[in-house]
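**Student:** no FASTA, just this:
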């Protein structure tokens, strides 16, 4: 019935919809996706940006998952085909009625309307899972903390906010390990940026030193020219290095040090922010927030992503 | 970003999906949509057919609707853009994650996956609301009982199954009247078939006589050739008449009489069923069911719709 296809197209809107800039922030559970995303969302504001989490595409609620032979990290535990469909709709400027998974209760509840803003941020376990889902994004990020750091973050969050015991979280982490290796970590290889927050192993910094960030910039997209930012006086806070990815591919690696005095990091932030034409104000306060504290390496990573998003948003036809 | 559009298309499936035959059954609340639909669904079976109700696209739950200046019959009270989007997806063979409105509790609950079967039946208040939604269907039906009959049905159902009092239903009917006239009844003019169950006004049949059916067949689609069915011995049960629609357009009008002895109606049913090549069995028992009772005019109306659906399903490339 190709006649029906044509009828549908002829009955559709005359004007093509404005397509948003889309960024994926993928990574394992408690890898820091929501923390990274929150700063971007707050800096861009609701007029300019909308965010969503692909955990909402869970096929089963918490009670149903107890009897399943796989965890939430398995593709079969999620409506990935619907996630892909919704990403395509958003990428072409259409609204979606998004399912909603309530992390506090573990229940699937009434869906909600999401209208694409100029910038759409999609965080979750699976946004880079398939060729089709990846094709929906303009920038892709994978969060890659060392496992022992991620486990600590997961225990803190799931016992604090989601009502689990430490033993339950540890057991769940073990249960998920094989599926994490099979389905989540492979997405790392497809990301334009891989962000890793970790202490610097070769240094013996005190325990309260903020984590440093390593941002791997793959030459799969154009990255901002940081030569103007990396002035001689600022290289203690941040420097670039040509390296090889663990899989052997050449990458640019941006090292942002958590141990330098805060003023030096803030000077780097100001330099990046100033290089974005748009803003006439100071670096947004919301960047770098971690719980009640601050991380300058996080703020710098967020600024790099903002740079990409604002640049793509401006550059549209 | 037309390059992204192309990337998405290139990443999609190689094989086009099989497009289902789609039928819309539209009409006001308690016009008999679910009763008509149930017989079709049962006769076709779950392998061949899936049905859905567009009431699920309510934007507000029952409690929220109490404070609104309009009723569920107003387009603004429904996610009609999402309904159109989902109809397009189904019409092109894609699954949807459909919202769910629970009529028993008046709540919006977790959505459910609907995969298109070869035949998709869509009943509800709004399936023929827009040019775009209409373009998704191969056959469109509007149920048009006289208002006093529909009011009786609505009172019986809403007090029996949905926990309302008679006074509440009557008040709601009044509240809805203007929106029914503005948004629901205009869909009648666009339907390929208009089905009306009513007593025959010119006769003085006893009160327990089954309602007769008038099925208006608009020449907007090809209807089955009923000349083989309308044998001389059967014209008491059913006959065709050239008439004018209330809006003046010429239509074929099929009159199915509720007062004739049941055997005569059943002979008509058998003749229609036999004219469908596919079936090797008797006329399905599930046709004509109304609550615990039976209506032969309903069975005949359902057979006509089955004729269309099976014919279109067979006729696909």
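**Tutor:** Okay, I see it. Computed from a prediction, not measured in an experiment: that's the story for all the values here. Residues are numbered from 1 along each chain as shown, chains lettered A, B, ... in the order given.

**Student:** which stretches of the stretch 101-250 of chain A form strands?
**Tutor:** A:107-114, A:119-124, A:139-143, A:193-198, A:212-217, A:238-244, A:250-256 (DSSP state E, counting those that start in this stretch).

**Student:** Walk me through the domains of chain A.
**Tutor:** Chain A breaks down by automatic domain parsing into domains covering A:20-157, A:192-317.

**Student:** can the strands of the stretch 101-250 of chain A go into TSV with extra columns for mean neighbour count, distance to residue A:291 and mean pLDDT?
**Tutor:** No exception for glycine: its C-beta is placed from N, CA and C like everyone else's. Putting those into TSV (neighbours: other CB atoms under 10 Å in any protein chain shown; distance: least, CB to CB, whole Å; pLDDT from 0 to 100) gives the following:
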stretch	mean neighbour count	distance to residue A:291	mean pLDDT
strand A:107-114	17	26	98
strand A:119-124	26	17	98
strand A:139-143	25	17	98
strand A:193-198	23	14	96
strand A:212-217	22	17	94
strand A:238-244	14	23	90
strand A:250-256	18	19	92
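
**Student:** Nearest to chain B, out of these?
**Tutor:** strand A:107-114 (3.8 Å; CB to the nearest CB).

**Student:** where along the stretch 151-300 of chain A do the helices fall?
**Tutor:** A:166-179, A:262-275, A:296-314 (DSSP state H, counting those that start in this stretch).

**Student:** Out of the ones you listed, the one nearest chain B is which?
**Tutor:** Comparing the helices of the stretch 151-300 of chain A by CB to the nearest CB, helix A:296-314 comes nearest, at 8.7 Å.

**Student:** got the angle between the closest one and strand A:193-198?
**Tutor:** 170 degrees (axes from the mean of the first three to the mean of the last three CA atoms, to 10 degrees).

**Student:** quick revisit: include distance to residue B:298 when you put the strands of the stretch 101-250 of chain A into JSON lines, please.
**Tutor:** Shown next, in JSON lines, are these (distance: least, CB to CB, whole Å):
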{"stretch": "strand A:107-114", "distance to residue B:298": "35"}
{"stretch": "strand A:119-124", "distance to residue B:298": "48"}
{"stretch": "strand A:139-143", "distance to residue B:298": "56"}
{"stretch": "strand A:193-198", "distance to residue B:298": "62"}
{"stretch": "strand A:212-217", "distance to residue B:298": "67"}
{"stretch": "strand A:238-244", "distance to residue B:298": "73"}
{"stretch": "strand A:250-256", "distance to residue B:298": "69"}
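
**Student:** from the domains of chain A, which stretch is densest packed?
**Tutor:** domain A:20-157 (a mean of 20; mean count of other CB atoms under 10 Å in any protein chain shown).

**Student:** Relative to the whole chain's centre, how far out is that domain?
**Tutor:** 9 Å (CA atoms, centre = their mean, to the nearest Å).

**Student:** Would it count as contacting chain B?
**Tutor:** Yes. Shown here: domain A:20-157 in contact with chain B (CB under 8 Å from any CB of the partner chain) through A:61, A:79, A:81-82, A:85, A:88-89, A:91-92, A:94-97, A:99, A:107-111, A:113, A:130-132, A:134-136, A:138.

**Student:** what's the span of that domain from first residue to last?
**Tutor:** Chord length of domain A:20-157, first to last residue, is 32 Å (CA to CA, to the nearest Å).

**Student:** Then stretch A:50-69?
**Tutor:** 34 Å.

**Student:** Residues in contact with that stretch: which ones?
**Tutor:** A:33-34, A:37, A:40-41, A:71-72, A:76-80, A:82-83, A:86, A:98-101, A:103, A:105-108, A:114-117, A:119-127, B:110 (CB atoms under 8 Å, 6 or more residues apart in numbering or on different chains).

**Student:** Which of the helices of the stretch 151-300 of chain A sits closest to residue B:314?
**Tutor:** helix A:166-179 (44.5 Å; CB to CB).

**Student:** wait, what's in contact with residue A:252?
**Tutor:** Contacts of residue A:252 (CB under 8 Å, 6+ apart): A:216, A:217, A:219, A:223, A:240, A:241, A:242, A:243.

**Student:** how near is residue A:261 to residue A:267?
**Tutor:** Distance, residue A:261 to residue A:267, by CB to CB, to the nearest Å: 10 Å.

**Student:** same thing with residue A:175?
**Tutor:** 45 Å.

**Student:** Also residue A:48?
**Tutor:** For residue A:48 relative to residue A:267 (CB to CB), the value is 26 Å.

**Student:** Residue A:130 too?
**Tutor:** 41 Å.

**Student:** repeat for residue A:88
**Tutor:** 42 Å.

**Student:** Now the helix-or-strand element of chain A with minimal mean pLDDT: buried residues?
**Tutor:** Across the helices and strands of chain A, mean confidence by mean pLDDT, DSSP states H and E is lowest for helix A:2-11: a mean of 79. Under the neighbour-count criterion of 16 or more other CB atoms under 10 Å in any protein chain shown, helix A:2-11 has A:4, A:7, A:8, A:11 buried.

**Student:** what subset of those residues is also close to chain B?
**Tutor:** Answer for the buried residues of helix A:2-11 near chain B (CB under 8 Å from any CB): A:4, A:7, A:8, A:11.

**Student:** And those residues, which two are furthest apart?
**Tutor:** A:4 and A:11 (10.4 Å).

**Student:** Determine the residues that are contacts of both of those two.
**Tutor:** What both residue A:4 and residue A:11 touch, as defined by CB under 8 Å, 6+ apart, is the set residue B:135.

**Student:** pLDDT weak spots in the stretch 1-150 of chain A?
**Tutor:** By pLDDT under 70, the low-scoring segments of the stretch 1-150 of chain A are A:1-2.

**Student:** contacts for stretch A:149-159?
**Tutor:** For stretch A:149-159, the external contacting residues (CB under 8 Å, 6+ apart) are A:28-32, A:145, A:164-166, A:168-170, A:172-173, A:197-198, A:211.

**Student:** again with stretch A:308-317
**Tutor:** By CB under 8 Å, 6+ apart, stretch A:308-317 touches A:19, A:21, A:23, A:40, A:44, A:48-49, A:118-119, A:138-139, A:221, A:223-224, A:276-278, B:1.
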